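Q: I'll drop the sequence and a predicted model, then ask my questions.
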Amino acid sequence: MSSPNTPDLIQENTGRIDASHKLLINCNQVDVNQLMPLKYHWAWEHYLNGCANHWMPTEVPMTKDIETWKSNKLSDDERMVIMRNLGFFATAESLVGNNLVLAIFRHVTNAECRQYLLRQAFEEAVHSHTFLYVTESLGLDEGEVFNMYREVPAIARKDEFEMELTAEVLDPDFTTDTFEGSQSLLKNLIGFYLIMEGIFFYTGFVMMLSFHRRNLMTGIGEQFQYILRDETIHLNFGLDLINGIKAENPELWTKDFQEAMIDRIRTAVEYEVEYAHDCLPRGVLGLNGELFREYVQHVADRRLERIGLPTQYNSSNPFPWMSETMDLSKEKNFFETRVTEYQSGANLTWD
């Protein structure tokens, strides 16, 4: 017999799980990840997409990148763009992984969502592996790359902004059983999926893929294309999860909370613009900090729309040449195109 405080998930005499009780949060009986019957087919779809996109960084050859890095083909400013982005992503992927494993998985109680979170956690480990692989391949100073989150203010601000959210949810006494706790988890999800993976990462993608467009640092560029594919699924899962929690718990989506999230996203935009200026103090690759102000604002508006919040900037996308892989309004089309030899990591081509 179920206790008074436990949903009656087991239907009498059948031993079957009632899908109507498979809640996204605050489902008290989660002793096993009972996948069947599936309730949130979007979560399972994201899991299958993630599995189909499997890759490993060591499958991507770095010979040409090593030759380019040791040559005089790159200016000092171009080298700084690469170093800054490696430094940011190396730490950011670790922060996302820690948040998934130590916070989100614990408090998201639906089985198919947890199945996806396990897949995402592995992908975050692959991404961290990527930056180690690149650093070792190019013979970079590991201390310089992996300590930028302490030594470069523009990176430190972004990381501190995200770690604040994790600290709250990692408190040993934290629970989503209260209204305030459920709102805090929702704030964490918006912070990590919408802001970290949906805004903070995309500036770096543009910068790094700009090298690939010029046939420079093609190994790193190929790996960033793979990471972009993973991150787009992460983002879409996170936004679906946020919207699902909103739908099941509409009382959390108060006017004050919505305004607080808009303020937080606007702050994140300013941090990202500062980061762009830090990476591009004089501009390279046809990019400069002010172009990224437009781009980050454009990105932020697309994210706000996805969770039902009003747009703030109405800025256009200044990088139309990136539309095939970066235009956020075409994310769905990006995943509908077929990637040949994707799982081998040898060559990335669309047809």
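A: Perfect, thanks for sending it.

Q: next secondary structure after the longest helix along the chain?
A: With secondary structure taken from DSSP state H, the chain has its longest helix at helix 218-248. Scanning forward in sequence from helix 218-248, with DSSP states H and E defining helices and strands, the next element found is helix 255-279.

Q: output the contacting helices and strands for that following helix.
A: Of the remaining helices and strands, those touching helix 255-279 by 3 or more C-beta pairs under 8 Å, 6 or more residues apart in numbering; DSSP states H and E are helix 76-99, helix 153-170, helix 179-189, helix 201-213, helix 289-306. Every residue, glycine included, has its C-beta placed from N, CA and C.

Q: packing partners for the longest helix of the chain?
A: Using 3+ C-beta pairs under 8 Å, 6+ apart as the contact criterion, the neighbours of helix 218-248 among helices and strands are helix 41-52, helix 63-70, helix 111-138, helix 179-189, helix 201-213, helix 289-306, helix 323-326, helix 331-336.

Q: relative orientation of that helix and helix 289-306 in degrees?
A: 30 degrees (axes from the mean of the first three to the mean of the last three C-alpha atoms, to 10 degrees).

Q: okay, the angle between helix 218-248 and helix 76-99?
A: Going by the same axes, to 10 degrees, helix 218-248 makes 40 degrees with helix 76-99.

Q: pLDDT (mean, whole number) over helix 218-248?
A: Per-residue pLDDT over helix 218-248 has a mean of 94.

Q: got the buried residues for it?
A: By neighbour count, with 16 or more other C-beta atoms under 10 Å as the criterion, the buried positions of helix 218-248 are 218-242, 244-246.

Q: who are the contact partners of residue 96?
A: If you count contacts by C-beta atoms under 8 Å, 6 or more residues apart in numbering, residue 96 has them with 124, 192, 196-197.

Q: give me the neighbour count for the nearest residue to residue 248 once chain neighbours are set aside.
A: Take residue 248 and drop its neighbours on the chain: the residue closest to it by C-beta to C-beta, 6 or more residues apart in numbering is residue 24, 5.9 Å away. The number of residues packed near residue 24 is 22, by other C-beta atoms under 10 Å.

Q: hang on, residue 24 packs against residue 40?
A: Yes - Residue 24 sits in contact with residue 40 when judged by C-beta atoms under 8 Å, with a separation of 7.5 Å.

Q: wait, a strand at residue 313?
A: No - residue assignment for residue 313, taken from DSSP: H, G, I helix; E, B strand; the rest coil, gives coil, which places it outside any strand.

Q: what's it in contact with, if anything?
A: If a contact means C-beta under 8 Å, 6+ apart, then residue 313 has 269, 297-298, 300-301 as its contacts.
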